[in-house]
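# Predicted structure and sequence below. I'll ask about it afterward.
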Amino acid sequence: MAEETELELLITVVVAAAGDHAAREACRELVRRVGGRIVESGDCSDEEPGCWSVTLLCRGGEADHRVSAAALSRAVRNFLRELGPGYGNSRVSCEPPTAWTVVDNPELVGKLVDGGERLLVEAWPGDSPLPMSPGQPSPPSGTRISSDPARSADPEAIGDPDESIPAESAEPRLDDLDENGRPRVRLGLVVDVLSQRQSGAEWPARALASRVSHTITVTGSTEHPPVVRVVLDLGPFVGTVSELVPWAVTEFGGRGWSPPQAHARGSVARWSTASAPRSGITAIELFAFEPESGTTDPARATAAVAATVASASDIPG
């Protein structure tokens, strides 16, 4: 008999705050209200000055032997109803294995979280590789995600959000160069988002990127109405080009992606929505590449590779 799959919700709040500690504290009441836990927080002031993002993980309240688009959408709508009547008009988009909505209403979100600007709600199957969720599949042998454990630690478990993690438990940030002085393989993303402004597109693109990396740099965004294209550098990884792209595709859900294809100094896989949503992500290009020796600005190198990847795709350039 097939095992039931329970849905999980990721709730990401953009908060105007003085720092990581203040942003987490602002979300404490929401954490208690939804019965979740904080799994990640990060500085997004490069897109919105003075803003931080805080991501919560909680149960979606539904289990079944198979996860349908209707079940995913229903989980998001039910959560919105629990937040209050003002949230019921938010449009829910769905592309299995996820459904999502963005509440871009500072007045409304500010009543929920002090300083709240926007709210992203996503529903995923419980067996999907969510950030920091129990049972998250391991990356390829020898791969190390560029992450900062202090950012993703559960504050309910460690006490005060600003309490430092013991040095022995914190994995050091991965250097751009390996032990032999050669540039490590990097991952990058090109994300097309239906949005009327760049900041509104960069936020969901960054939230997507956080599924595989906590060292994220937005290297640029350009308008191609009706979409905004966002390019992100996800940092260095341990592993080969041929290993990293399939692994990251699995982290993003695995469904609807093209097979990895060789490109320039690396590999690329593509995903695009099968429908015509009114908002949200419409296309993704994920690539891994080996920077040239002597590269002094790896993020710029990622942007250069992204330009050739995008020009070779069917997405308008």
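Perfect, thanks for sending it.

# which stretches of this protein have low pLDDT?
1-5, 46-47, 61-67, 126-172, 199-200, 275-279, 311-317 (pLDDT under 70).

# can you pull out the strands in it?
Using DSSP state E, the strands found in the chain span residues 5-16, 37-43, 51-64, 93-95, 98-103, 116-125, 185-194, 217-224, 227-237, 261-263, 266-272, 280-289.

# got those strands as JSON lines, with mean neighbour count columns?
C-beta coordinates here come from the backbone N, C-alpha and C atoms, glycine included. Formatted as JSON lines, the strands of the chain follow (neighbours: other CB atoms under 10 Å):
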{"stretch": "strand 5-16", "mean neighbour count": "22"}
{"stretch": "strand 37-43", "mean neighbour count": "21"}
{"stretch": "strand 51-64", "mean neighbour count": "20"}
{"stretch": "strand 93-95", "mean neighbour count": "21"}
{"stretch": "strand 98-103", "mean neighbour count": "23"}
{"stretch": "strand 116-125", "mean neighbour count": "24"}
{"stretch": "strand 185-194", "mean neighbour count": "25"}
{"stretch": "strand 217-224", "mean neighbour count": "17"}
{"stretch": "strand 227-237", "mean neighbour count": "25"}
{"stretch": "strand 261-263", "mean neighbour count": "14"}
{"stretch": "strand 266-272", "mean neighbour count": "21"}
{"stretch": "strand 280-289", "mean neighbour count": "24"}
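
# Same list, these, but as TSV with distance to S210 please.
Below are the strands of the chain laid out as TSV (distance: least, CB to CB, whole Å):
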stretch	distance to S210
strand 5-16	9
strand 37-43	6
strand 51-64	7
strand 93-95	18
strand 98-103	14
strand 116-125	11
strand 185-194	11
strand 217-224	12
strand 227-237	9
strand 261-263	24
strand 266-272	17
strand 280-289	14
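
# Of all these, which one comes closest to R74?
Closest to R74 of these, according to CB to CB: strand 51-64, at 7.0 Å.

# Taking their axis directions, the closest one and strand 98-103 sit at what angle?
With axes from the mean of the first three to the mean of the last three CA atoms, to 10 degrees applied, the angle from strand 51-64 to strand 98-103 works out at 140 degrees.
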